[in-house]
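Enquirer: I would like the atomic coordinates for the input below:
(chains A and B, ligands or ions: 2)
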Amino acid sequence: MKLKGWKDLTPGSVILEGGNAVQFKTGSWRAFRPVWKKENCIHCLFCWIYCPDMAVNVKDGKMMDFNYDYCKGCGICALECPGKKGQTAIEMVEEGK
Amino acid sequence: MAKVVAVTGNEACANALRQVNPDVCGVYPITPQTDMMQKYASYVSNGKVDTEIILVESEHSSMSACIGAAAAGGRVVTATSSQGLALMWEMLHIASGDRLPIIMPVVNRALSAPLNIHGDHSDAMGARDTGWVQLWSENAQDAYDNTIQAFRIGEHMDIRLPVMVCLDGFIISHSIERMEYLEDEEVKGFVGEYKNFLPLLDLDKPKSYGPLILPDLFHEYKKAQHEVMLKVKDVVLKVAADFEKLSGRKYGLFESYRLDDADIALVILNSAAGTTTDIVDGFRARGIKAGLLKPRLFRPFPYDEVAEALGKVKAVCVMDRSDSFGGYGPVFMEISSALYPLQERPVLINRIYGLGGRDYLPEHGEAVLNELDEIAKGGKVEKYKEYIGVRE
Ligand code: SF4
Ligand code: SF4
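Expert: Residues are numbered from 1 along each chain as shown, chains lettered A, B, ... in the order given. Ligands and ions are numbered 1, 2, ... in the order given. The predicted model follows:
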């Protein structure tokens, strides 16, 4: 991609396209990865609501999996996940292990 | 029809803001705020304006509220002074970097420590590099006229930058003088309807302000910001020409007083310039060709025009009412930068006066002009920078 010169910039660095975070992959920031344990998932979608990025894939009202291109490993989903009978459905696992 | 009134500088600015009737005013309501905003708040309470006034817990927050409101798409004003401007510092950069035309009268007062509250230029000079356009005002009339013109300058579609209108604390802000108000309708017509540029509240076109810009683009954004500042000068002159048609009062990038054939000259900002014109007249009456240059547009600074105006003078003293300790005064730095490219240039000295409300008296200006007269006749410069009116 050719980078823009100073004459081509939007004044005030305003971003004019909605939802362009899709172009900015943050997966490389991750030190811990959330691992989904399907058997403990009650599909409450708390993970989807609380995820600050777009790293939780949902289809037909069901949690499907994580999109690690955008998951920065913040751990919010794991903290919020109620799981089944106290058994969490999201575990944070150190990357590279 | 102009209306002649006797008002303080603060009242004059508050009235200019009332006549413009902006959408939002985010403001810190306690000292170091001046009664300019107290007056404005009473206009709001009495239904004289439609402005939504947001009273916040600090000046950092007042500028933050202004930034939000301006990005949303409103015409936004605030005012501050001294420590208040200092506390806004971080947000001042964001207002200019986001290209939001917020209009802010600044009552120039000293910065702590020691705690002082009286007039000098340390506050606004500290904000010199924040990317705001700065207009400086000699008296209440200037402050009123500059405030009205600031809207047209900052909101110009080629500019979209915040503008600070500087007036001297207490000497102008709290002293009553004779001046002329324009009619409300004249001011409304002059500033015109507010035109939006990339408003957040245009919900059909979602957008984001304040993104992360990394080394691959940041440098380009700053270059663009510098370039837009270079366009301000022409807009200031165009707006001034329109304003003259309306009011009969003439404004430029700076004001020259008896400078055309001057051998010696003072450069001095704001209220002290008034006193200095009398001093200059006294020297002229004695056959000494003295002159005065009073800057108006300080950011962006009109280097070429100032060089043209001062280039032929033999000796110039730049008078600064603030200091860059261990360096020269901020106005001196600009004037020397303006003059350096000339093949032949005046001898230039810097005198610091009037800090923390210390009176600037005719004898101070006279002593400096006498010194310049000696220098112009080939005398030696004893000291390039010195404090005047100071006890040993
Ligand atoms: S928060 Fe936990 S239980 Fe709820 S949908 Fe996500 S993984 Fe499943
Ligand atoms: S770790 Fe953070 S970024 Fe990754 S899926 Fe969970 S909430 Fe989203």
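
Enquirer: Report the contact partners of the residue most central in space within chain A.
Expert: By C-alpha atoms, centre = their mean, chain A has its centre lying nearest to A:A55, at 2.4 Å. By C-beta atoms under 8 Å, 6 or more residues apart in numbering or on different chains, A:A55 lies in contact with A:27, A:66-72. In short, each C-beta sits where N, CA and C put it, glycine included.

Enquirer: Grab the nearest non-local neighbour of it.
Expert: Nearest residue to A:A55, sequence neighbours excluded (C-beta to C-beta, 6 or more residues apart in numbering or on different chains): A:C71, at 3.6 Å.

Enquirer: mind checking how far that neighbour is from ligand 2?
Expert: 3 Å (C-beta to the nearest ligand atom, to the nearest Å).

Enquirer: List the contacts of B:E244.
Expert: Contacts for B:E244 (C-beta under 8 Å, 6+ apart) come out as B:250-251.

Enquirer: again, only using 6 Å
Expert: Counting by C-beta atoms under 6 Å, 6 or more residues apart in numbering or on different chains, B:E244 makes contact with B:K250.

Enquirer: follow-up on the earlier one: filter the contacts of A:A55 down to the buried ones, PyMOL style.
Expert: This is how PyMOL selects the buried members of these, with burial counted by 16 or more other C-beta atoms under 10 Å in any protein chain shown:
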select buried, chain A and resi 27+66+68+70+71+72
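
Enquirer: is it possible to export the contacts of A:A55 to JSON lines including secondary structure and pLDDT?
Expert: Formatted as JSON lines, those follow (DSSP: H, G, I helix; E, B strand; the rest coil; pLDDT from 0 to 100):
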{"residue": "A:G27", "secondary structure": "helix", "pLDDT": "94"}
{"residue": "A:F66", "secondary structure": "strand", "pLDDT": "98"}
{"residue": "A:N67", "secondary structure": "coil", "pLDDT": "97"}
{"residue": "A:Y68", "secondary structure": "coil", "pLDDT": "97"}
{"residue": "A:D69", "secondary structure": "coil", "pLDDT": "97"}
{"residue": "A:Y70", "secondary structure": "coil", "pLDDT": "97"}
{"residue": "A:C71", "secondary structure": "coil", "pLDDT": "97"}
{"residue": "A:K72", "secondary structure": "coil", "pLDDT": "95"}
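
Enquirer: any idea of the pLDDT on residue 20?
Expert: No chain specified, so I'll use chain A. Here, the pLDDT recorded for A:N20 equals 85.

Enquirer: if you could check chain B rather than the one you did, that'd help
Expert: B:V20 is given a pLDDT of 98.

Enquirer: likewise A:F24?
Expert: Reported pLDDT at A:F24 in the predicted model: 87.

Enquirer: pretty sure B:V187 belongs to a helix, no?
Expert: Yes: when classified by DSSP: H, G, I helix; E, B strand; the rest coil, B:V187 is found to be part of a helix.

Enquirer: quick one, what contacts B:E366?
Expert: By C-beta under 6 Å, 6+ apart, the contact set of B:E366 is B:I279.

Enquirer: Can you verify it is assigned to a helix?
Expert: Yes: looking at B:E366 with three-state DSSP, it is inside a helix.

Enquirer: quick revisit: nearest to ligand 2, of the contacts of A:A55?
Expert: In terms of C-beta to the nearest ligand atom, no member of those lies closer to ligand 2 than A:C71, at 3.2 Å.

Enquirer: What's the separation between that closest one and A:W29?
Expert: 9 Å (C-beta to C-beta, to the nearest Å).

Enquirer: Can you list the residue ranges for helices in chain A?
Expert: Residue ranges of the helices in chain A, as given by DSSP state H, are A:46-50, A:76-80.

Enquirer: Out of the ones you listed, which is closest to ligand 1?
Expert: Comparing the helices of chain A under C-beta to the nearest ligand atom, the one sitting nearest is helix A:46-50, at 3.2 Å.

Enquirer: pLDDT below threshold where in the stretch 151-300 of chain B?
Expert: Scanning the stretch 151-300 of chain B for pLDDT under 70 picks out no residues.

Enquirer: quick one: the helices in it?
Expert: For the stretch 151-300 of chain B, helices defined by DSSP state H, counting those that start in this stretch occupy the ranges B:184-191, B:218-247, B:272-285.

Enquirer: Any idea which of those helices gets closest to A:V93?
Expert: Counting by C-beta to C-beta, A:V93 lies closest to helix B:218-247 out of those; the figure is 35.4 Å.

Enquirer: how many degrees apart are that closest one and helix B:184-191 in direction?
Expert: Taking axes from the mean of the first three to the mean of the last three C-alpha atoms, to 10 degrees, one finds helix B:218-247 and helix B:184-191 inclined to each other by 140 degrees.

Enquirer: Go through helix B:218-247 and flag the buried ones.
Expert: For helix B:218-247, a neighbour-count test (16+ other C-beta under 10 Å) marks B:220-221, B:224-225, B:228-229, B:232-233, B:235-237, B:239-240, B:243, B:246-247 as buried.

Enquirer: on that earlier part again, as JSON lines, the helices of the stretch 151-300 of chain B with distance to ligand 2 would be great.
Expert: Listed next are these as JSON lines, based on distance: least, C-beta to the nearest ligand atom, whole Å:
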{"stretch": "helix B:184-191", "distance to ligand 2": "47"}
{"stretch": "helix B:218-247", "distance to ligand 2": "26"}
{"stretch": "helix B:272-285", "distance to ligand 2": "59"}
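
Enquirer: out of those, which comes closest to B:G329?
Expert: Shortest separation from B:G329 across the helices of the stretch 151-300 of chain B is recorded for helix B:272-285, at 12.9 Å, computed as C-beta to C-beta.

Enquirer: which outside residues touch the closest one?
Expert: By C-beta under 6 Å, 6+ apart, helix B:272-285 touches B:138, B:257-258, B:266, B:268, B:290, B:292, B:294, B:360, B:362, B:365-366, B:369.

Enquirer: now, which of these lie close to ligand 1?
Expert: Subset of these in contact with ligand 1: empty, counting by C-beta under 6 Å from any ligand atom.

Enquirer: For the residue nearest to A:K84 when sequence neighbours are not counted, give me its contacts.
Expert: Leaving out its chain neighbours, the residue that sits closest to A:K84 by C-beta to C-beta, 6+ apart is A:N40, at 4.6 Å. Contacts for A:N40 (C-beta under 6 Å, 6+ apart) come out as A:83-84, A:87, A:89.
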